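Student: prediction below, plus the sequence it came from.
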Amino acid sequence: MKNTPYPAPDFSLPDENGKQHSLKDFAGQWLVLYFYPADDTPGCTIEACSLRDARDDIAALGAHVIGVSKDDAAAHEKFKAKHSLNFTLLTDPEKVAINAYGAWGKKQFGIEGILRKTFIINPEGQVVKVYGRVVPLGHGAQIISELKKLQSA
């Protein structure tokens, strides 16, 4: 893992509605970019719901939440609707951003896949915090605490 801060890799990916989002869209703003293995699996649902529940507090700190997985737009749309997710999900079937952020690798039992990772990117486009092996439960509160710490530094 790289030492922070470092320039956040650029990305341009579609959301569940086909709208493209890129890093430059968030210039001058805080961004919480999280990578997760798959829509509607137990751990991913717990993590997404934790971020959903914390999203208003995260937004009050001037930050956006974006989730990224290989799932297609239809799966993202169903996942968002089923769990009332209040943030954007991007689809990365070619693993462009997933690879750029180092969120692909060996998981349990040597199987390769998307690693559960979260990146906090500051308004200058620098990755200032990386959560390697995210624990889904309570991740939203963890992000709020870290954003407050980073913003007061």
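Tutor: Great, that's in hand. Numbers count the residues shown, from 1 in each chain.
Student: contacting residues around the spatially most central residue of the chain?
Tutor: Nearest to the mean C-alpha position of the chain, counting by Cα atoms, centre = their mean, stands Tyr34 at 1.5 Å. By Cβ atoms under 8 Å, 6 or more residues apart in numbering, the residues touching Tyr34 are 47, 51, 65-68, 116-119, 134. Where you see a C-beta, it was placed from the backbone N, CA and C, and this is true even at glycine.
Student: likewise for Lys78?
Tutor: Lys78 sits next to 39-40 when contact means Cβ under 8 Å, 6+ apart.
Student: let me know the pLDDT of it.
Tutor: We have a pLDDT of 96 for Lys78.
Student: pairing partners for the residue nearest to the centre of the chain in the sheet, please.
Tutor: Beta-bridge pairing for Tyr34 (DSSP bridges): Gly67, Thr118.
Student: excluding sequence neighbours, find me the nearest residue to Lys82.
Tutor: The shortest distance from Lys82 to any non-neighbouring residue, by Cβ to Cβ, 6 or more residues apart in numbering, is to Asp40 (6.8 Å).
Student: so that neighbour, which of the three states?
Tutor: Classification of Asp40 by DSSP: H, G, I helix; E, B strand; the rest coil places it in coil.
Student: residues near it, how many?
Tutor: Around Asp40 there are 14 other residues, counting by other Cβ atoms under 10 Å.
Student: next up, the contacts around it.
Tutor: 75, 78-79, 82.
Student: wait, doesn't Gly138 sit right on Leu51?
Tutor: No. Using Cβ atoms under 8 Å, Gly138 is not in contact with Leu51, being 10.5 Å away.
Student: tell me which of these two has more neighbours.
Tutor: Taking neighbours as other Cβ under 10 Å, Gly138 and Leu51 compare with Leu51 leading, 25 against 14.
Student: quick one: the more buried one and His139 touch, right?
Tutor: Yes. Leu51 is within contact range of His139, at 6.4 Å (criterion: Cβ under 8 Å).
Student: now stretch 94-114, how far from the chain's geometric center?
Tutor: Taking Cα atoms, centre = their mean, to the nearest Å, one finds the center of stretch 94-114 at 14 Å from the center of the full chain.
Student: tell me the mean pLDDT for that stretch?
Tutor: In this model, stretch 94-114 has a mean pLDDT of 91.
Student: so what touches that stretch?
Tutor: 1, 9-11, 13, 33, 35-38, 68-70, 90, 92, 115, 117, 119.
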